[in-house]
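# Okay, sequence plus prediction incoming.
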Amino acid sequence: MPAAFTEFVRIVLLITEISTGLLLLLPATRPLAAWSALGLLLLYSLLITVGLIRGLDLDCGCSGPRAGLKLSPWLLLRNMGLILIAWLLTLPASNRFTGIEDCLIVIFASSTLGLIYLSFEHFLANREKLTLLRHR
């Protein structure tokens, strides 16, 4: 892919990811943003699958430039979990009253899911580093 096109795609994806994240915060735009997140995750999963099939040894860039997270089937497993969460956001919301208990459950569940996600990212990054150390 030409470098100029790569830069253009990088900027478009960056803007799409940031706007999707911001639009997920607003109830009126949440369904559209959920579909956008779902589409992005499916696109990334497709690209990871193509990279794995082609045998590419690439850093996915998922956890930042210095994470050293290589393409692996584990990333597809992680993305399937994220796709499920994005799909759940596309479902219609309930119109029932939201009490303090509901808010606490959402806060604790979100925190727990966030910690599970971070733990999985660290597992994948450390797995790559341990593999490199074993082969020295």
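Now that the structure is in, tell me what you want to look at.
# From here on, just use CA atoms for contacts and neighbour counts.
OK.
# Flag the shaky bits of this protein, pLDDT-wise.
Low-confidence segments of the chain (pLDDT under 70): 1, 63-68.
# mind running it again at 80?
1-4, 58-70, 93-96, 98, 124-125, 127-132, 135-136 (pLDDT under 80).
# All the helices of it, in order from the start?
Applying DSSP state H to the chain gives helices spanning 3-24, 30-53, 73-90, 100-134.
# TSV please, covering the ones you listed and showing mean neighbour count and distance to Cys62.
Putting these into TSV (neighbours: other CA atoms under 10 Å; distance: least, CA to CA, whole Å) gives the following:
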stretch	mean neighbour count	distance to Cys62
helix 3-24	13	12
helix 30-53	17	10
helix 73-90	16	9
helix 100-134	13	9
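# Dump these to CSV, plus distance to Asp59.
Shown next, in CSV, are the helices of the chain (distance: least, CA to CA, whole Å):
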stretch, distance to Asp59
helix 3-24, 15
helix 30-53, 10
helix 73-90, 11
helix 100-134, 10
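# Output stretch 99-110 in PDB, but only the C-alpha positions, please.
Provided in PDB are the C-alpha atoms of stretch 99-110 (Å, rounded to 0.1, in the frame of the first residue of the first chain):
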ATOM      1  CA  GLY A  99     -32.500   3.500  40.300                       C
ATOM      2  CA  ILE A 100     -29.300   3.900  42.300                       C
ATOM      3  CA  GLU A 101     -28.800   0.200  42.400                       C
ATOM      4  CA  ASP A 102     -28.900   0.000  38.600                       C
ATOM      5  CA  CYS A 103     -26.300   2.800  38.400                       C
ATOM      6  CA  LEU A 104     -24.000   0.900  40.900                       C
ATOM      7  CA  ILE A 105     -24.400  -2.300  39.000                       C
ATOM      8  CA  VAL A 106     -23.400  -0.500  35.800                       C
ATOM      9  CA  ILE A 107     -20.400   1.100  37.400                       C
ATOM     10  CA  PHE A 108     -19.100  -2.100  39.000                       C
ATOM     11  CA  ALA A 109     -19.800  -4.200  35.900                       C
ATOM     12  CA  SER A 110     -18.100  -1.700  33.600                       C
END
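# quick thing: my sequence starts at 53, can you match it?
Yep, numbering from 53; the last one is stretch 151-162 now.
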